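Enquirer: here you go, sequence then predicted model.
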Amino acid sequence: MRRDKLKILLSILEICDGDGINKTKIVYQANMNFKVAGIYLDMLTNEGMVEIINPGPRERYFTTEKGKEMVRNLKKVYDRIEQYSLE
């Protein structure tokens with residue numbers, strides 16, 4: 001079963017929460033390829049939900065406060081949806 005785009009965003013934001021993580025670890029933990037991960041990370045960075053530390057070959061990504069707020073909101077939505085799930 002395919003994940004929807006919001007679940008992928010949620011996954012990346014949760015993975016980046018903390019002291020920062022490199023792109024390779026994001027790719028493996030989120031179970032996606034580098035090209036797709038790059039697209040999502042660019043979008044999240046442009047929206048201010050993820051920030052890059054040490055840009056360049058040793059860059060690390062971390063979730064900003066705006067991203068953490070998005071995580072809380074998405075979890076609320078998914079919890080509500082699960083309450084009414086017929087599965």
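Expert: That came through fine. Numbering: from 1, shown residues only.
Enquirer: just the pLDDT at the spatially most central residue of the chain, thanks.
Expert: Nearest to the mean C-alpha position of the chain, by C-alpha atoms, centre = their mean, lies residue 12 at 2.0 Å. Note on residue 12: pLDDT of 97.
Enquirer: how much space separates it from residue 83?
Expert: 25 Å (C-beta to C-beta, to the nearest Å). All C-beta atoms are positioned from the backbone trio N, CA, C, and that covers glycine.
Enquirer: and what of residue 41?
Expert: In terms of C-beta to C-beta, residue 41 sits 31 Å off from residue 83.
Enquirer: okay, these two: which has more neighbours?
Expert: Legend: neighbour count by other C-beta atoms under 10 Å for residue 41 and residue 83, higher for residue 41 (20 against 7).
Enquirer: quick check: mean pLDDT across the helix or strand harbouring the more buried one?
Expert: Assigned by DSSP states H and E, residue 41 falls within helix 34-46. Confidence for helix 34-46, expressed as mean pLDDT, is 96.
Enquirer: return the set of buried residues in it.
Expert: 37, 40, 41, 44 (16 or more other C-beta atoms under 10 Å).
Enquirer: around residue 23, how many other residues sit close by?
Expert: Using other C-beta under 10 Å, residue 23 has 15 other residues around it.
Enquirer: now residue 52
Expert: Residue 52 is flanked by 14 other residues according to other C-beta under 10 Å.
Enquirer: over to the closest residue to residue 30 other than its chain neighbours. Which of the three states is it?
Expert: Distances taken as C-beta to C-beta, 6 or more residues apart in numbering put residue 11 closest to residue 30, at 4.9 Å, once the chain neighbours are dropped. Under DSSP: H, G, I helix; E, B strand; the rest coil, residue 11 falls in the helix class.
Enquirer: for residue 11, give me its contacts.
Expert: 3, 29, 30 (C-beta atoms under 8 Å, 6 or more residues apart in numbering).
Enquirer: how close does the second one get to residue 52?
Expert: The gap separating residue 29 from residue 52 is 17 Å, by C-beta to C-beta.
Enquirer: about what we covered before: please put the alpha-carbon coordinates of the helix holding residue 41 into CSV.
Expert: Extracted C-alpha coordinates of helix 34-46, given in CSV (Å, rounded to 0.1, in the frame of the first residue of the first chain):
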residue,chain,number,x,y,z
PHE,A,34,17.4,10.1,-2.8
LYS,A,35,15.6,12.0,-5.6
VAL,A,36,12.2,11.8,-3.9
ALA,A,37,13.7,12.7,-0.5
GLY,A,38,15.4,15.7,-2.0
ILE,A,39,12.1,17.0,-3.4
TYR,A,40,10.4,16.7,0.0
LEU,A,41,13.4,18.2,1.9
ASP,A,42,13.5,21.1,-0.5
MET,A,43,9.8,21.7,0.0
LEU,A,44,10.1,21.4,3.8
THR,A,45,13.1,23.7,3.8
ASN,A,46,11.4,26.3,1.7
